[in-house]
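1. Below are the sequence and a predicted model; questions follow.
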Amino acid sequence: MNIGVLKEAKEETRVAVTPDVVDALKKIGASVIIEKGAGEGSYFSDEDYKKAGASIQSRADILKKSDLVVSIHLADGASLSKIKKGAFYLGMFQPAVNPQVIKKLSSGKVTVLSLDAIARITRAQSMDVLSSQATVAGYKAVLLASTHLTRFFPMLTTAAGTITPASVLIIGAGVAGLQAIASSRRLGAVVDVFDTRPEVKEQVQSLGAKFVEVEGASHSAAAGGYAVEQTEEYKKRQQEAIEKFAAKADVIITTALIPGRKAPIIITKKIVDRMKAGSVVVDLASPNGGNCEYTQHGKVVLTKNGVSVIGHQNLAGSLPSDASKMFAKNVLNYLKLLVKEKKINLDLSDEILSSTTITHDGEIRHKLTLDALGGSKQDGKKPAAKKKA
């Protein structure tokens with residue numbers, strides 16, 4: 001069984017498989033093929049991969065030989081068309097955002113496995129790429145905010161007087177939000193947190209932040225722990241509460257995402273226009289349209305009232321070495337479940353494997369992708385029996 005690892009597009013610094021997991025992949029029965037230069041952006045050389053036991057080959061050879069191809073993002077169209085029929089393709093592909101690409105892969109009988117669709121259950125935590133990469137993004141968001149903020153984060157008592165601590169407002173207490181809370185508190189800031197899920201209140205408070213409750217939120221249980229769309233009445237109450245806290249905030253960090261949907265606008269221009277001059281907004285939802293009306297993806301916008309609104313291109317990729325190691329460990333743990341007796345064994349009765357299997361046997365199985373394509377009866381089929389490849 002050959003596992004081929006592709007080099008990402010030039011704007012992506014991360015790599016899907018790092019040298020430290022190559023030996024473990026070999027132990028489950030895989031020969032690992034790395035595209036030349038795939039690890040350069042993450043500071044892993046071809047020689048590092050060779051020492052770990054991988055072979056370095058061209059993209060064409062990888063696509064031709066691999067039983068399972070791995071990349072973080074979807075490769076370019078020309079490369080995707082050359083993945084061999086019946087092969088598996090693993091990564092973090094946002095299938096509902098890229099439905100036409102998924103449809104073409106399905107037509108070519110490629111089984112698409114997307115880790116960003118993984119079931120949010122305890123058993124899947126070690127494979128959850130959204131969580132691992134959100135950890136990196138939440139940490140780096142705070143550091144980025146601190147470099148743009150015009151004042152200190154911690155309280156300082158000096159001969160020149162006392163400096164009060166910065167006030168940080170965090171929207172969303174998922175993995176990224178919780179990491180942002182912890183990092184902000186380490187730097188000495190006072191932190192307020194909004195989230196539509198009341199069940200995260202205890203986690204927020206355990207990190208030393210204040211949880212701001214807004215009544216009437218739609219429950220997230222039906223969405224498997226992911227955020228859900230809220231009612232207009234709730235949004236209005238939330239907006240009023242956020243306006244109050246934003247007016248005193250030095251930093252706002254937004255993390256609100258809904259799978260398969262454009263990111264909801266939470267921080268309006270009106271809210272930003274009332275913030276203090278020199279304040280900062282870091283929008284982690286920038287790749288999906290942004291939670292702030294001023295956000296421009298990949299840019300820092302300075303508003304007329306002196307607020308910096310940051311829509312970073314790829315926060316996880318700004319710490320590529322560790323981000324790649326975390327992603328690679330997620331991939332390894334997933335493959336330990338997928339590969340049995342040195343063969344790919346796609347057991348669709350397993351909740352983890354079923355949730356991540358976007359296409360199989362020429363059919364699209366992922367509901368959000370089907371919805372994006374206009375709907376289909378395919379998502380109503382019963383899981384197939386165990387398949388081997």
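-> Received, thanks.
2. Just the helices from the stretch 101-250 of the chain, written as ranges.
-> 129-148, 175-186, 201-206, 232-246 (DSSP state H, counting those that start in this stretch).
3. most packed of those helices?
-> Of the helices of the stretch 101-250 of the chain, the one with the most neighbours on average (mean count of other CB atoms under 10 Å) is helix 175-186, at a mean of 24. All C-beta spots, glycine's among them, are computed from the backbone N, C-alpha and C.
4. that older thread, out of the helices of the stretch 101-250 of the chain, nearest to Leu346?
-> helix 129-148 (18.7 Å; CB to CB).
5. What is that closest one packed up against?
-> helix 175-186, strand 251-254, strand 280-283, strand 308-311, helix 320-338 (3 or more CB pairs under 8 Å, 6 or more residues apart in numbering; DSSP states H and E).
6. With respect to Pro95, which of the ones you listed lies nearest?
-> Closest to Pro95 of the helices and strands packed on helix 129-148, according to CB to CB: helix 320-338, at 16.0 Å.
7. what comes up buried for stretch 3-12?
-> Ile3, Gly4, Val5, Leu6, Lys7, Glu8, Glu12 (16 or more other CB atoms under 10 Å).
8. One more: stretch 271-281?
-> Ile271, Val272, Met275, Lys276, Ser279, Val280, Val281.
9. Give me the nearest residue to the fifth one, chain neighbours excluded.
-> What it means is Ser279. Once flanking residues are discounted, Ser279 sits nearest to Val307: 4.9 Å by CB to CB, 6 or more residues apart in numbering.
10. show me where pLDDT drops low in this protein?
-> 216-230, 260, 376-389 (pLDDT under 70).
11. mind checking how far the most centrally placed residue in it is from Ser183?
-> Of all residues in the chain, the one closest to the mean position by CA atoms, centre = their mean is Leu130, 3.7 Å from it. In this view, Leu130 and Ser183 are 18 Å apart by CB to CB, to the nearest Å.
12. circling back: isn't the residue nearest to Ser279 right up against Val282?
-> No: between Val307 and Val282 there is no contact under CB atoms under 8 Å: 11.4 Å.
13. more crowded one of those two?
-> Val282 (31 against 23; other CB atoms under 10 Å).
14. mind listing what the more buried one touches?
-> Listed by CB atoms under 8 Å, 6 or more residues apart in numbering, the contact set of Val282 reads Ala141, Val142, Leu144, Ala145, Val251, Ile252, Ile253, Thr254, Ile310, His312.
15. What of Gly172?
-> Neighbour list for Gly172: Phe194, Asp195, Ala227, Thr254, Thr255, Ala256, Leu257 [criterion: CB under 8 Å, 6+ apart].
16. Give the ChimeraX command for selecting the buried subset of those residues.
-> Buried members of the contacts of Gly172, defined by 16+ other CB under 10 Å, are picked up in ChimeraX with:
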select :194,195,227,254,255,256,257
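17. quick check, nearest of the contacts of Gly172 to Glu341?
-> Taking CB to CB as the measure, Glu341 lies nearest Leu257 of the contacts of Gly172, at 37.9 Å.
18. The residue nearest to Glu215 when sequence neighbours are not counted and Glu213: what is the separation?
-> Nearest non-adjacent residue to Glu215, counting by CB to CB, 6+ apart: Arg237, 7.1 Å away. Between Arg237 and Glu213 the computed distance is 10 Å (CB to CB).
19. Surely Asn314 and Thr13 touch.
-> Yes: with contacts counted by CB under 8 Å, Asn314 reaches Thr13, the gap being 7.4 Å.
20. related to what we said a few turns ago, for the buried residues of stretch 271-281, which one is nearest Ile62?
-> For those, the nearest to Ile62 is Val281 (41.0 Å; CB to CB).
21. ok, what's across the strand from the closest one?
-> Under DSSP bridges, the beta-bridge partners of Val281 are Ile252, Val309.
22. any idea what sits nearest Ile171, other than its immediate chain neighbours?
-> Thr254 (4.4 Å).
23. contacting residues for the one you found?
-> Thr254 is in contact with 170-172, 266-267, 281-285, 290-292, counting by CB under 8 Å, 6+ apart.
24. about what we covered before: for the buried residues of stretch 3-12, please prepare a markdown table with the additional fields secondary structure.
-> Shown next, in a markdown table, are the buried residues of stretch 3-12 (DSSP: H, G, I helix; E, B strand; the rest coil):
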| residue | secondary structure |
| --- | --- |
| Ile3 | strand |
| Gly4 | strand |
| Val5 | strand |
| Leu6 | coil |
| Lys7 | coil |
| Glu8 | coil |
| Glu12 | coil |
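25. Nearest to Arg59 among the buried residues of stretch 271-281?
-> Val281 (39.1 Å).
26. closest one to Leu113 among the helices and strands packed on helix 129-148?
-> For these, the distance to Leu113 is smallest for helix 320-338, at 7.7 Å, taking CB to CB.
27. right, and the helix or strand after the closest one?
-> As assigned by DSSP states H and E, the chain's next helix or strand after helix 320-338 is strand 339-340.
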